[in-house]
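**Q** Sequence unavailable; structure follows:
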């Protein structure tokens, strides 16, 4: 009886916009009852919810979808957030407009919510805790662009700057340009901006480090796993939130887009790149951790040994595939340690004779 009520209840498609939203309300038989636009305000959305109590709604994921989802669910709606990358019926429509998008969302939700490839939004607290990480990433990208601009501009004049670590770039640049006072005067304002960005990044590092200590699971992962720093550990914990949402830890790979796409038909089964679905920033952090594990300074452990074996097979992009595989294994390992509250064992798969010190 519950499924029957859901099938014939009021279903609403919401096409989100920055200033206003297109709304399509459908009745129990799927007919369009009302098509309106409402302002992008909490007051207008609450009024809409009061007009259609207990409705089911579908909307595309976007900038406003997290807070609007929480607001409508608090008003008693059942909200499904559609993955915009997966719903080709919406973005590949010959008559695409906000009104048709809202109507299509309502129809897809009525047929089968799985067709929308639902996206799960985290809590408001997790979103707030991730704010410092996202803003720090913006500053880091700005610093990288500024350094690249200084390098390329001087290179066009025949001056090649050394390549020290990023925090030491401005000091080495000033020392190297002492013989070119005119060039130093020209780039000095940008060097000062780089110094200011570095100082702001350090402030965010302190904030993130403090937040990592507050989230005990992030702190445990950070302390135990090689290559996993406070940013990666905290982002992982805040993105997952509930470790038991995954029945099988290996589901982390598809969730993060670290598994190959597939295009199989008959006897043809193409080898394709990874899907790149899910949290892009967390996926990049795990890739960076895997690169460290397989790099020159990576500590000896099962993960490193497995990755080096994969890379040694050769073939097209063998090292790149090995990094992706280790990133996927690292994500699964982090989830298992979190679920079981167990400690990390770097040589769990090694044979006893491999662990004995050389005579």
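**A** All right, it came through fine. What you are looking at is a predicted structure, and each value in this text was computed from that prediction instead of being measured.
**Q** In the stretch 151-300 of the chain, where is pLDDT below threshold?
**A** Residue ranges of the stretch 151-300 of the chain with pLDDT under 70: 269.
**Q** Ramachandran coordinates for the nearest residue to residue 39 once chain neighbours are set aside?
**A** Leaving out its chain neighbours, the residue that sits closest to residue 39 by Cβ to Cβ, 6 or more residues apart in numbering is residue 20, at 5.4 Å. (Each C-beta comes from the backbone N, C-alpha and C, glycine too.) Note on residue 20: backbone dihedrals following degrees, to the nearest 10 are phi -150, psi 160.
**Q** Pull the number of nearby residues for residue 20.
**A** 16 (other Cβ atoms under 10 Å).
**Q** in this protein, which residue is closest to the centre?
**A** The C-alpha lying nearest the average C-alpha coordinate of the chain belongs to residue 279 (Cα atoms, centre = their mean; 2.2 Å).
**Q** give the contact list for that residue.
**A** Shown in contact with residue 279 (Cβ atoms under 8 Å, 6 or more residues apart in numbering): 235, 239, 256.
**Q** Residue 35 looks like it's in a helix, true?
**A** No: residue state for residue 35 (DSSP: H, G, I helix; E, B strand; the rest coil) corresponds to strand; a helix is not indicated.
**Q** hang on, the residue nearest to residue 39 packs against residue 38?
**A** Yes: Residue 20 lies in contact with residue 38 (Cβ atoms under 8 Å); the separation is 6.4 Å.
**Q** quick one on the thing from earlier: and the residue nearest to the centre of the chain, how far from residue 333?
**A** 17 Å (Cβ to Cβ, to the nearest Å).
**Q** Equivalent analysis for residue 148, please.
**A** Taken as Cβ to Cβ, the span from residue 148 to residue 333 is 35 Å.
**Q** Looking at these two, which has the bigger crowd around it?
**A** residue 333 (21 against 10).
**Q** which element is the more buried one on?
**A** Following DSSP states H and E, one finds residue 333 within helix 318-340.
**Q** For that helix, name the packing helices and strands.
**A** If contacts are counted by 3 or more Cβ pairs under 8 Å, 6 or more residues apart in numbering; DSSP states H and E, helix 318-340 sits against helix 216-224, helix 230-240, helix 252-256, helix 280-294, helix 302-312.
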